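Peer 1: Below are the sequence and a predicted model for it; my questions follow.
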Amino acid sequence: MINHYFKLHDKVAVITGGASGIGFASAKRLAEVGAKVVLLDIDEEKGNDAASKLQMEGYQAWFVKCDVTNARDCETAANYIKEQFQNVNVLFNNAGIIRRKTVVELTESEWDAVINVSLKGAFLLSKYVIPLMSESGGGSIINTGSGWGLKGGDKAASYCAAKAGVVNLTKAMAIDHGHQNIRVNCICPGDTDTPLLRGEAEQLNIEERTFLKDSAINRPLARLGTPTDIANGVLFLASELSSWVTGTTLTVDGGGLA
């Protein structure tokens, strides 16, 4: 039966930005098929709440506070995972932020923040997790890109730059670590109903309901994505169904780039 290809029993999955949105939905989806999930997030209160919700539903979940832009935090998180589980099979580099501004409007600190969370964060977690994953016999790394990592978007210069970097970082990592049986892929969501997307409406000073409606209307499937839509793609890339897939992007956007 094909169902066994989705099973992740006894696998350890690490998810950054795991306290909410796509990260939390992906943690839940992976836990549903048997994975032990470790949620990493800078927000300790939300992270603990997220892990508790999964535990109350009977899933194996842990939370570790981690600032993915800080090398010491990332190394500490990797060491915790090694001590607790001795291995890691899936790393989902998902943490990200957005600032809806042009290069003229952005401050240097805003530029740095967006680049550091999405791009530097994926680098740092991978740096410290890949040796453990290699010792475990390999695994799957999934990086969160964006439709705006594949094409440009308005008033999102730093975000577009960061996500384009993630897309090509993914390809480079796939080349470098394939011999360790580590697959590296990028998932590129379109507009997905998350706190991050809703926060964009506030940044742009647009009424939230109008912003969400406009974000959905021009794509062929005429709706926003849900975090679960993206989590299903993450499950595919984490599972044995994608065992010969590496160095590529999976666009999950309701046809927005079609």
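Peer 2: Structure received. Keep in mind that what you see is a predicted model, and the values were worked out from it rather than measured.
Peer 1: which intervals of the protein have sub-threshold pLDDT?
Peer 2: Scanning the chain for pLDDT under 70 picks out the ranges 1-3.
Peer 1: Which residues belonging to the lengthiest helix in the chain are considered buried?
Peer 2: When the chain is parsed with DSSP state H, its longest helix is helix 157-177. Using 16 or more other CB atoms under 10 Å as the test for burial, helix 157-177 gives 157-167, 169-171, 173-174, 177. Where C-beta positions appear, they are placed from N, C-alpha and C, glycine not excepted.
Peer 1: For the stretch 151-258 of the chain, just list every one of the helices.
Peer 2: 157-177, 195-203, 208-217, 227-238 (DSSP state H, counting those that start in this stretch).
Peer 1: So what touches the first one?
Peer 2: Helix 157-177 is touched from outside by 93, 96, 98-103, 106, 110-111, 114-115, 117-119, 122-123, 126, 130, 134, 141, 143-146, 148-150, 152-153, 183-186, 188, 246-249, with contacts defined as CB atoms under 8 Å, 6 or more residues apart in numbering.
Peer 1: re earlier: pipe the helices of the stretch 151-258 of the chain into CSV and attach distance to Arg29 per row.
Peer 2: CSV is the format used below for the helices of the stretch 151-258 of the chain (distance: least, CB to CB, whole Å):
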stretch, distance to Arg29
helix 157-177, 20
helix 195-203, 18
helix 208-217, 22
helix 227-238, 4
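Peer 1: With Gln55 as the reference, name the closest of those.
Peer 2: Across these, the minimum distance to Gln55, taken as CB to CB, is reached by helix 227-238, at 18.3 Å.
Peer 1: Tell me the helices and strands packed up against that closest one.
Peer 2: If contacts are counted by 3 or more CB pairs under 8 Å, 6 or more residues apart in numbering; DSSP states H and E, helix 227-238 sits against helix 21-32, strand 90-93, strand 139-144, strand 182-189, strand 249-252.
Peer 1: can you tell me how far Thr192 sits from Asn87?
Peer 2: 30 Å (CB to CB, to the nearest Å).
Peer 1: now do Gly121
Peer 2: 22 Å.
Peer 1: returning to that earlier point: quick one, the longest helix of the chain and helix 195-203 angle?
Peer 2: Counting by axes from the mean of the first three to the mean of the last three CA atoms, to 10 degrees, helix 157-177 points 160 degrees away from the direction of helix 195-203.
Peer 1: just the helices and strands packed on helix 227-238: most buried one?
Peer 2: Among the helices and strands packed on helix 227-238, strand 90-93 has the highest mean neighbour count (mean count of other CB atoms under 10 Å), at a mean of 30.
Peer 1: How far off centre is the following helix or strand past that strand?
Peer 2: Using DSSP states H and E, the helix or strand that follows strand 90-93 in sequence is helix 108-115. Put simply, helix 108-115 sits 19 Å off its chain's centre (CA atoms, centre = their mean, to the nearest Å).
Peer 1: can I get the CA coordinates of the helix or strand just after helix 108-115 in CSV?
Peer 2: Downstream of helix 108-115, the next assigned helix or strand under DSSP H and E is helix 121-135. Output of helix 121-135 as CSV, limited to C-alpha atoms (Å, rounded to 0.1, in the frame of the first residue of the first chain):
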residue,chain,number,x,y,z
GLY,A,121,18.5,31.5,9.6
ALA,A,122,18.3,28.7,7.0
PHE,A,123,22.1,28.7,6.8
LEU,A,124,22.7,28.6,10.5
LEU,A,125,20.3,25.8,11.4
SER,A,126,21.5,23.8,8.4
LYS,A,127,25.1,24.3,9.5
TYR,A,128,24.5,22.7,12.9
VAL,A,129,21.9,20.1,11.9
ILE,A,130,23.5,18.7,8.8
PRO,A,131,26.3,16.9,10.7
LEU,A,132,23.7,15.2,12.9
MET,A,133,21.5,14.4,9.9
SER,A,134,24.5,12.9,8.1
GLU,A,135,25.3,10.7,11.2
